[in-house]
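> Fold the stuff below for me.
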Amino acid sequence: VAFVVCRSLEGLKTFSYLEELILDNNLLGNDLLLPRLPHLHTLTLNKNQISSQRNTCKILLDHLAEVVPSLQYLSLLGNMACPNELVCKEKDEDDYQRYRYFVLHKLSNLKFLDTRKVTRKEREEALVRGAFMKVVKPK
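You can find the predicted model right below:
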């Protein structure tokens, strides 16, 4: 387990067998670039600066799918990308569920997202509608 408070993740490439990584409470954003960590199964990015704007969240999730193929647990709580009442009073459970479908569409191996176990029904829904569930802010 690695607890990191950082401005750069450059040094992580030397930990190719890393299984759990906690990057909570940093200033990490959608431009986060991780090295390939094939054994990483747990990643928490709680309370960072990951936004839901445009395609930047999609790009981050695509990047995670590529560099952490064994990822089973991801938490994005406390980021704008994870729409819930804790981050924004205008968000509700439906917004959060759409976010879950979208993330599960991108990261289909997840067993847990944030604090909830991924259900069979969610996985099926993510396959069918996940690509269209990106939560966006109206202009």
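> contacts and neighbour counts: CA atoms only from here.
Noted.
> Mind listing residues that contact stretch 99-115?
Stretch 99-115 has contacts (CA atoms under 8 Å, 6 or more residues apart in numbering) with 58, 61-62, 64-65, 70-77, 81-83, 117-118, 122-123, 125-127, 129-135.
> Can you flag which of these belong to helices?
Counting by DSSP state H, the part of the contacts of stretch 99-115 found in helices is 58, 61-62, 64-65, 122-123, 125-127, 129.
> Make JSON lines out of those and add pLDDT.
Listed next are the ones in helices among the contacts of stretch 99-115 as JSON lines, based on pLDDT from 0 to 100:
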{"residue": "K58", "pLDDT": "89"}
{"residue": "L61", "pLDDT": "95"}
{"residue": "D62", "pLDDT": "94"}
{"residue": "L64", "pLDDT": "97"}
{"residue": "A65", "pLDDT": "97"}
{"residue": "E122", "pLDDT": "94"}
{"residue": "R123", "pLDDT": "93"}
{"residue": "E125", "pLDDT": "91"}
{"residue": "A126", "pLDDT": "90"}
{"residue": "L127", "pLDDT": "89"}
{"residue": "R129", "pLDDT": "79"}
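> Going by neighbour count, which of those residues comes out on top?
Within the ones in helices among the contacts of stretch 99-115, A126 tops the neighbour count with 24 neighbours, counted by other CA atoms under 10 Å.
> measure that residue to T44 for me?
Distance of A126 to T44, given as CA to CA, to the nearest Å: 21 Å.
> now do S52
17 Å.
> Equivalent analysis for D95, please.
In this view, D95 and T44 are 21 Å apart by CA to CA.
> E10 now?
Distance, E10 to T44, by CA to CA: 18 Å.
> Compare those two and say which is more crowded by neighbours.
Comparing E10 with T44 by other CA under 10 Å, the one with more neighbours is T44, at 19 against 11.
> quick one: which of the ones in helices among the contacts of stretch 99-115 is nearest S16?
Of all these, L64 has the smallest distance to S16: 14.7 Å, by CA to CA.
> got a list of what the closest one touches?
The neighbours of L64, taking CA under 8 Å, 6+ apart as the test, are 34, 107.
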